[in-house]
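1. Model the following, please.
(chains A and B)
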Amino acid sequence: MYSCSDLKKGLKLLIDGEPHVIVQYDFTKPGKGQSLYKCKLRNMITGALFDRTYRSGETFEPASLEERDMQYLYQDDSGHVFMDKKNYEQVFLTEDTLGDDKYFLIDNMDVEILMYGERAIGISLPNFVNLRVTQSDPWVKGDTAAGNNKPATVETGYTLQVPSFVEEGTLIQIDTRTGNYVTRVKE
Amino acid sequence: MMIEPNWQIARKRHTLENRARIIQQIRAFFIRHDFLEVETPHRIPANAPELNIDAVPAADWFLQTSPELCMKRLLAAGFERLFQICHCWRAGERSNTHLPEYSMLEWYRSHCDYRQLMADCEALLTELKPDHRIFRQGQTIDLTPPWPRLTVADAFLQFSSMPLATALATDEFDSVMAFEIEPNLPKDRPLFLFEYPVEHASLARKKISSPAVAERFELYIGGLELANAFSELTDPVEQQQRFTMEEMQRRKLGKTPYPTPEPFIKELATLPPSAGIALGIDRLIMLLCDKNNIDDVVSFSPEQL
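-> This next block holds a predicted model:
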């Protein structure tokens, strides 16, 4: 069983017998008031989105789903296609289901796909991915107000803050759990 | 693999330099206004039992959720103007504006009520921002005193989908406050939200002319809840009753029972009329440095440890 303190983005819960994933999570506590846990949930089967606010003391049943080792192949009209490494079966996930995770997919990458029966309904990415910076303006020396940060876009279209010394063409490591820059990668 | 310093820490340099300077200015402000800076133990046998604040256990005692009780015992012993900058711990509180370990500024005055603390807030912020302007998330906040004041009752009339009495009776006070009132408070001026229902102010004095409310206020600036203040309850008997009430509610919800802070209650008898306030330093730095995430204004967030 989970309690409210376990709630976070990406956690999978069983609600009314169906698996749900928390896609947005916010903790609020007005003044000396009670803790309120505001969640946006996605029904992993129907894709339906809804908001729900929980209060301390509530408990949740984990959604235990089968995970299969797969490889990312390519993107087409139906979505992003993955292949089961054991039986070569192919499954796909839509952009909606992937959310920001779509920015961290690299061809032939090993991932874990969450299954509901024979249907793919979610993904677990490796914690770190390496992606190449395709666009970032040169840093203006002396611009300390920005705190040595600047925006950069990587090959998948994802935009993040990077240190001023990162140049276009640099391979960088990104933490897929936070979406944050980690380090440059030696090539 | 790592070929460069940890950027998620290194990038905070500019903010941490500003933070240090702001804290020095805060200290100078209180010293100049004749407040005594004190340090009280962080690990204590009992916090004030409050329904919605969970303490972190530390061996057979607890980490402080606020230095409040020791500060008030000092007031009761005759100290008249006190301040402290220290860490506090509150279990399970984590968001873009919450850290389970955070920095608190508390100050206390005897022989005054909470209105004096409103004036103190205005004086402190306008000293930190002499041009009376804060730019935050594209919004200009005008700090020119006096700042607007709104009673909790009026806030419910203006912003709530249900009357205050209904919200209290159905235990919806906090959710109305969080989802209907707080997001709609004006962002271009600071705001004192004041006169809280007594059941939402367990250590505050009741207002003599309307005893259903307590002399408590919260300061909001730019959408951030920055400080909580009240005229202190100085009656040991009433304080004991209010603590018992909080404890009963804690037990009803299956929460850890807390011991009663006996010496505090005993010494309340010599506490002169006083007022005290707790201001979250990390949120103040967020406000002044235009940061949206509390992680950006502390050297380490818990996840970075």
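
2. use CA for all of it now, contacts and neighbours both
-> Fine.

3. Show me what the residue lying closest to residue B:80 once chain neighbours are set aside is bridged to.
-> Leaving out its chain neighbours, the residue that sits closest to residue B:80 by Cα to Cα, 6 or more residues apart in numbering or on different chains is residue B:110, at 5.2 Å. Counting by DSSP bridges, residue B:110 is bridged to residue B:274.

4. ok, residue B:110 touching residue B:273?
-> Yes: between residue B:110 and residue B:273 there is a contact at 5.8 Å, judged by Cα atoms under 8 Å.

5. Look at the two and report which has more neighbours.
-> Per other Cα atoms under 10 Å in any protein chain shown, whichever of residue B:110 and residue B:273 has more neighbours is residue B:110, with 21 against 17.

6. ok, the residue most central in space within chain A to chain B distance?
-> By Cα atoms, centre = their mean, chain A has its centre lying nearest to residue A:101, at 4.1 Å. Distance, residue A:101 to chain B, using Cα to the nearest Cα, to the nearest Å: 21 Å.

7. do the same with residue A:53
-> Residue A:53 is 9 Å from chain B, where distance means Cα to the nearest Cα.

8. before we move on, what about residue A:134?
-> 20 Å.

9. Look at that residue and say how many residues are nearby.
-> 17.

10. got the phi/psi numbers for it?
-> Per-residue torsions, residue A:134: phi -100, psi -20 (degrees, to the nearest 10).

11. Pull the contacting residues for residue A:84.
-> Residues counted as contacts of residue A:84 (Cα atoms under 8 Å, 6 or more residues apart in numbering or on different chains) are A:68-71, A:90-91.

12. can you give me how far the helix-or-strand element of chain B with minimal mean pLDDT is from the chain middle?
-> Lowest by mean pLDDT, DSSP states H and E among the helices and strands of chain B is helix B:7-10, with a mean of 90. In this view, helix B:7-10 has its centroid 29 Å away from the chain centroid, taken as Cα atoms, centre = their mean, to the nearest Å.

13. same for that helix, what does it pack against?
-> Contacts defined by 3 or more Cα pairs under 8 Å, 6 or more residues apart in numbering or on different chains; DSSP states H and E place helix B:7-10 against strand A:180-184.

14. if you average pLDDT over the strand it packs on, what comes out?
-> In this model, strand A:180-184 carries a mean pLDDT of 94.

15. right, is that strand up against chain B?
-> Yes: Strand A:180-184 reaches chain B (Cα under 8 Å from any Cα of the partner chain) through A:181-184.

16. Pick out whichever of those sits closest to residue B:124.
-> Using Cα to Cα, residue A:181 comes nearest to residue B:124 of these, at 37.1 Å.

17. Quick one: residues contacting that closest one.
-> A:160-162, A:172-175, B:7-8.

18. If you rank those residues by neighbours, which is first?
-> These, ranked by neighbours (other Cα under 10 Å): first place residue A:162, 25 neighbours.

19. Mind giving me the packing neighbours of the host helix or strand of it?
-> Per DSSP states H and E, residue A:162 falls inside strand A:159-163. Judged by 3+ Cα pairs under 8 Å, 6+ apart, strand A:159-163 is in contact with strand A:149-154, strand A:180-184.

20. Residue B:35: which of those strands is closest?
-> The nearest among those, by Cα to Cα, is strand A:149-154 at 39.5 Å.

21. in the one helix or strand in chain A whose mean pLDDT sits lowest, what's buried?
-> When each helix and strand of chain A is scored by mean pLDDT, DSSP H and E, helix A:95-98 comes last, with a mean of 88. Using 16 or more other Cα atoms under 10 Å in any protein chain shown as the test for burial, helix A:95-98 gives A:97-98.

22. Can I get it in CSV? Just the C-alpha atoms.
-> Below are the C-alpha coordinates for helix A:95-98, written out as CSV (Å, rounded to 0.1, in the frame of the first residue of the first chain):
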residue,chain,number,x,y,z
GLU,A,95,2.9,10.7,-28.1
ASP,A,96,0.2,11.4,-25.5
THR,A,97,1.1,8.4,-23.5
LEU,A,98,4.9,9.1,-23.7
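
23. Just the mean pLDDT for the strand ranked longest in chain B, thanks.
-> Across chain B, the strand with the greatest residue count (assigned by DSSP state E) is strand B:210-221. In this model, strand B:210-221 carries a mean pLDDT of 96.

24. anything in that strand near chain A?
-> Yes: against chain A, strand B:210-221 shows contacts by Cα under 8 Å from any Cα at residue B:218.

25. other SSEs contacting the least confident helix or strand of chain A?
-> strand A:119-124.

26. The strand it packs on pairs with which strands, parallel or anti?
-> Sheet pairing here is set by DSSP bridges, and for strand A:119-124 it gives strand A:110-116 (antiparallel).

27. Need the contact partners of the strand it pairs with.
-> By Cα under 8 Å, 6+ apart, the residues outside strand A:110-116 that reach it are A:45, A:65-72, A:120-126.

28. Recalculate using a threshold of 6 Å.
-> A:66-71, A:120-125 (Cα atoms under 6 Å, 6 or more residues apart in numbering or on different chains).

29. Kindly report the same for stretch B:200-215.
-> Here stretch B:200-215 has contacts from B:195-198, B:230-233, B:242, using Cα under 6 Å, 6+ apart.

30. at 7 Å instead, please
-> B:114, B:195-198, B:216, B:230-233, B:239, B:242 (Cα atoms under 7 Å, 6 or more residues apart in numbering or on different chains).

31. Pull the distance from that stretch to the chain's centre.
-> For stretch B:200-215, the distance to the chain centre is 17 Å (Cα atoms, centre = their mean).

32. same question, stretch B:7-17
-> 26 Å.

33. do stretch B:166-182 as well
-> Per Cα atoms, centre = their mean, the centroid offset for stretch B:166-182 relative to its chain is 19 Å.

34. Export the contacts of residue A:181 as CSV, with columns for distance to residue B:283.
-> Conversion of those to CSV gives the following (distance: Cα to Cα, whole Å):
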residue, distance to residue B:283
A:160, 24
A:161, 22
A:162, 25
A:172, 32
A:173, 31
A:174, 28
A:175, 26
B:7, 23
B:8, 19
